[in-house]
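K.L.:
Just to be clear, the model below is a prediction. Sequence and coordinates:
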Amino acid sequence: MERPNTHTQTHTHTHTYIRRYSVTMGSPTAVRLLPRQLSFQALVLLVVFALWSFEQVAAEPVQYPVLHSIGRQNPVERGHITVDAASTKRSVNKYVADDNKAQPAELVNKGSSGDQTELYRVSVQVGQGKTLSAAVPVCLLKASNFREQITLHLDSEGKPWHLDYLVSASTCGPSSRQTQRPPRTQVFLERAVVGARPRLEQIVENTPDGKAPPEPTFLQKYWYYIIPVVLMVLLSGQEEPAKK
């Protein structure tokens, strides 16, 4: 008569234990997971935002001041060039003349001596006290009617390291007209390209007869390891003399 009561009490105790276990382990776990999920999502958003900001900064065009001079005159500013190393479009690289500064035609008309060996020099300030320069004869610049080409060479990190300055004329001669208008300038970028690596042949020592030496045997390769082992085995195998 007492066995059903015992079963009922045991079942009730087990049910109560499971219910307490679910309440105790359920809510705190959910509460602990919520901040972790929020922290992970915030970290992902922060990383995405940082990458996006880096791409925006890296893709932003850069301006470099352009100076010019004739002969031994001190360089004066004439404008700036805008280049975008991340873009493959040529139209984004351009020269912008400063209307308040003397342009090549004005500088040549006022400061040139007429000597065909006189040079017109262009300088580009690329930052950190570094200036790239190139020059052409003044007579070529005048013969080209001030059509010029500025080429910046970039290194593997996208930084300028060399400057080319060309004009459209190849021989000196009188220009068709004198103008005070800004020059017709084209700006190009030359990026560093990793070339093919040379394939090096393995150096092989030849014998006097022109043939490669034979491959050394196992003993020839490892004799200095084998001899100590053999000596240790021989010495350890000697029996001590019997004591009388």
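P.N.:
Thanks, I have it.

K.L.:
Going toward the C-terminus from the least confident helix or strand in the chain by mean pLDDT, what's the next helix or strand?
P.N.:
Lowest on mean pLDDT, DSSP states H and E among the helices and strands of the chain sits helix 3-58, with a mean of 49. Under the assignment DSSP states H and E, the closest C-terminal helix or strand after helix 3-58 is strand 62-70.

K.L.:
buried ones in that next one?
P.N.:
64, 65, 66, 67, 68, 69, 70 (16 or more other Cβ atoms under 10 Å). Where C-beta positions appear, they are placed from N, C-alpha and C, glycine not excepted.

K.L.:
Return the distance of the fourth one relative to residue 136.
P.N.:
With distances taken as Cβ to Cβ, to the nearest Å, residue 67 is found 15 Å from residue 136.

K.L.:
Could you do the third one as well?
P.N.:
Going from residue 66 to residue 136 by Cβ to Cβ gives 15 Å.

K.L.:
in the protein, which spans are helices?
P.N.:
Taking DSSP state H as the test, the helices found in the chain are 3-58, 104-111, 138-143, 218-237.

K.L.:
OK, contacts around residue 190?
P.N.:
Residue 190 sits next to 151, 152, 153, 154 when contact means Cβ atoms under 8 Å, 6 or more residues apart in numbering.

K.L.:
now swap in residue 78 and tell me
P.N.:
Residues in contact with residue 78 (Cβ under 8 Å, 6+ apart) are 66, 67, 68, 97, 98, 101, 102, 103, 104, 107.

K.L.:
which among those end up buried?
P.N.:
66, 67, 68, 97, 102, 103, 104, 107.

K.L.:
out of those, which one sits closest to residue 167?
P.N.:
Among the buried ones among the contacts of residue 78, residue 104 lies closest to residue 167 (Cβ to Cβ), at 9.8 Å.

K.L.:
With residue 217 as the reference, measure out to that closest one.
P.N.:
Distance from residue 104 to residue 217, counting by Cβ to Cβ: 78 Å.

K.L.:
And for residue 156?
P.N.:
Remark: distance between residue 156 and residue 217 (Cβ to Cβ) = 49 Å.

K.L.:
and what of residue 230?
P.N.:
Distance of residue 230 to residue 217, given as Cβ to Cβ: 17 Å.

K.L.:
Also residue 131?
P.N.:
Using Cβ to Cβ, one obtains 66 Å as the distance from residue 131 to residue 217.

K.L.:
Residue 61 and residue 83 touch, don't they?
P.N.:
Yes. Using Cβ atoms under 8 Å, residue 61 is in contact with residue 83, at 6.5 Å.

K.L.:
Give me the more crowded residue out of the two.
P.N.:
In this view residue 61 and residue 83 are compared by other Cβ atoms under 10 Å, and residue 83 has more residues nearby, 23 against 14.

K.L.:
Bridged to the more buried one, which residues?
P.N.:
residue 62 (DSSP bridges).

K.L.:
ok, it - contacts?
P.N.:
Counted by Cβ under 8 Å, 6+ apart, residue 83 has contacts 61, 62, 64, 92, 93, 152, 187, 189.

K.L.:
and with 10 Å instead?
P.N.:
61-64, 92-94, 124, 150, 152, 154, 158, 160, 187-189 (Cβ atoms under 10 Å, 6 or more residues apart in numbering).
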